[in-house]
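> one predicted model, sequence on top.
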Amino acid sequence: MQHAKFSFHRDLGGLEVLHNIDKKEDFGRHSHSGYTLALVESGAQKFYRSGGEHVAQQHSIILINAEQVHDCRKASAGPSSYRSLYPTPELFNQLLGSGSAIAPFFQDAVVHDPTLVQLMNATFNVLESENGLLAKQSQLVALLSYLSQKQGNVRLEGKQKSVKARIRTAQQFLLDNLFEEVSLDKLASLVDMSPFYFIRVFKSQTGLTPHAFQIQHRLNHAKALMRCGKSVAHAALTVGFYDQSHFNRHFKKNMGITPSQYSKAC
């Protein structure tokens, strides 16, 4: 039975996300104000784009530029499903630009790239999760930057002034506001960088994305609380994890043991 799940992310520049499950209906020629980035999960899709017909099999990526006329038809006998997101050119410029970048143009209509498939799946999962804004923005930047570098034609530029000092400023701001929701836009603006350039430089300087840096220091603080005899639940809530399972997952990934095991050993 066909089912469509749609979500609208106002805090991510009005990003639209669609999960079309067991798609049966065809769509006539139309266009979107944003790009169409679609991951074919099962079956196959046939579509018109750039004056020609294309077929996208399972585990392939469909790329349609903003305002580009296209259609979409089922091209397999069994169930056919896909997940897609529709970032606008303005969102690309906001995340990738520093005032001079332009939104990319994708020449290829269908792409076969296992790394891109993994990034697409990770992005959909994060967008559907209870993760905070910084995690969602970071994942979206990772996807769009990889896509632009591999498939688009975007020149990345950055300012040369004291990069290390600006990253230290961002680190200190994250530490000073460790238990608060901090957006990628806020951090990038603080150090006068575009979000894309900031996240690349931050990782190159620290070895971690801003979100991973934040999580690491929250976990360090939680461990200190548990060493002082505080309960696992108290430690998780104090450092900003309002979902216990979310806290447990990050803790075990970081330490290899659960918070309860750590607490009992202290």
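Structure received. Residues are numbered from 1 along each chain as shown.
> now stretch 118-130: how far from the chain's centre is it?
6 Å (C-alpha atoms, centre = their mean, to the nearest Å).
> and it, what's buried?
Within stretch 118-130, the residues scored as buried using 16 or more other C-beta atoms under 10 Å are L119, M120, T123, F124, V126, L127. From N, CA and C alone the C-beta is placed, and that goes for glycine too.
> next: stretch 82-99.
For stretch 82-99, the buried set under the neighbour-count rule, 16+ other C-beta under 10 Å, comprises 82-89, 91-98.
> repeat for stretch 246-257
Neighbour-count burial for stretch 246-257, with 16+ other C-beta under 10 Å as criterion, is recorded at H246, F247, N248, H250, F251.
> greatest separation within those residues: which pair is it?
Using C-beta to C-beta, the buried residues of stretch 246-257 reach their maximum pairwise distance at H246 and F251, which is 9.6 Å.
> if I look at the nearest residue to M226 once chain neighbours are set aside, how far off is G256?
Nearest non-adjacent residue to M226, counting by C-beta to C-beta, 6 or more residues apart in numbering: S263, 4.6 Å away. Look at S263 and G256: by C-beta to C-beta, to the nearest Å, they are 15 Å apart.
> over to T238?
According to C-beta to C-beta, T238 stands 23 Å off from G256.
> cool, T206 as well?
Distance from T206 to G256, by C-beta to C-beta: 22 Å.
> so which of the buried residues of stretch 118-130 sit within helices?
Of the positions in those, L119, M120, T123, F124, V126, L127 sit in helices, assigned by DSSP state H.
> contacts only, for the first one.
By C-beta atoms under 8 Å, 6 or more residues apart in numbering, L119 lies in contact with A142, L143, Y146, L147.
> between those, which is closest to H217?
Nearest to H217 among the contacts of L119, with distances taken as C-beta to C-beta, is A142, at 20.5 Å.
> assumed that closest one was part of a helix.
Yes. Secondary structure of A142 (DSSP: H, G, I helix; E, B strand; the rest coil): part of a helix.
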